[in-house]
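# how would this look folded up:
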Amino acid sequence: HVTRVAAMWLRPAVLLGVLGTRGIVRTMCAQKDDWKKAASIYEFSAIDIDGNDVSLEKYRGYVCIIVNVSSECKLTGVNYTQLTAMHTQYAEQGLRILAFPCNQFASQEPGTEAEIKEFAKGYNAEFDLFSKIDVNNDTAHPLWKWMKEQPKGKGFMGKNNSNVDSWQPQNSSNMKIKCLF
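Have a look, this model is predicted:
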């Protein structure tokens, strides 16, 4: 039952895509040229929604969902609700959700970091929220470039940095989140 419920949550909740670049210049410069040499997500860092440089090393040993979000997408309400519910249900078991606001898709995340943070509070989102980045093209954050090059795609990492699976919102029925803990 939990697997079916988790798969239902993941279908509309996880939209992987573009993340905005504002506020991450320092991080991107440090990793811009060597992202192809990275062996794991732990070799990357990103700027959180409060402007702090966060090493992804802090997520070692956790199951991670790395996802882009926006505040003006037609699925925003469902996505934030479901991500919050997954976080509530699985955080104590080791799930970490890394949400990166992105404005590359039809300009659906136009807000400032402060506005995005306030918006997420409206959904009681307690998962980790980062500053906007790009996830596509040459301006993509190095982590996203790296994830896209991995054999199983991007976004869902097991406890030992294994790239467990890739999915699209319409194609996530194969996700078995319960089995990862």
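# where does this protein dip in pLDDT?
1-33, 152-181 (pLDDT under 70).
# let's go with 80 and repeat that
Under the criterion pLDDT under 80, the flagged ranges of the chain are 1-33, 150-181.
# Now do the helices in it.
All helices of the chain, identified by DSSP state H, fall at 2-13, 25-31, 76-90, 113-121, 142-149.
# which residues does residue 96 bridge with?
residue 64 (DSSP bridges).
# tell me the contacts of it?
59, 62, 63, 64, 65, 127, 128 (Cβ atoms under 8 Å, 6 or more residues apart in numbering). C-beta coordinates here come from the backbone N, C-alpha and C atoms, glycine included.
# let's see 10 Å
56, 58-59, 61-66, 87, 90, 127-128, 157 (Cβ atoms under 10 Å, 6 or more residues apart in numbering).
# Make a PyMOL selection of whichever of these turn out to be buried.
With 16 or more other Cβ atoms under 10 Å as the burial test, the buried ones among the contacts of residue 96 are selected in PyMOL as follows:
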select buried, resi 56+59+62+63+64+65+66+87+90+127+128+157
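# Report the two members of the contacts of residue 96 separated by the largest distance.
56 and 90 (18.8 Å; Cβ to Cβ).
# My understanding was that residue 49 contacts residue 113; is that so?
Yes. Taking Cβ atoms under 10 Å as the definition, residue 49 is a contact partner of residue 113 at 5.2 Å.
# Quick check: neighbours shared by these two?
Contacts common to residue 49 and residue 113, judged by Cβ under 10 Å, 6+ apart, are 23, 101, 129, 130, 131, 132.
# Name the nearest residue to the third one, ignoring sequence neighbours.
For residue 129, ignoring the flanking residues on the chain, the nearest one in space by Cβ to Cβ, 6 or more residues apart in numbering is residue 49 at 4.3 Å.
# between the contacts of residue 96, which is closest to residue 45?
Nearest to residue 45 among the contacts of residue 96, with distances taken as Cβ to Cβ, is residue 56, at 6.2 Å.
# ok, the closest one - contacts?
Residue 56 neighbours (Cβ under 10 Å, 6+ apart): 40-46, 64, 66, 96, 98, 143, 157, 161.
# I figured residue 41 was touching residue 98, is that so?
Yes. Counting by Cβ under 10 Å, residue 41 sits close enough to residue 98 to count as a contact (9.0 Å).
# of these two, who's got more company?
residue 98 (23 against 20; other Cβ atoms under 10 Å).
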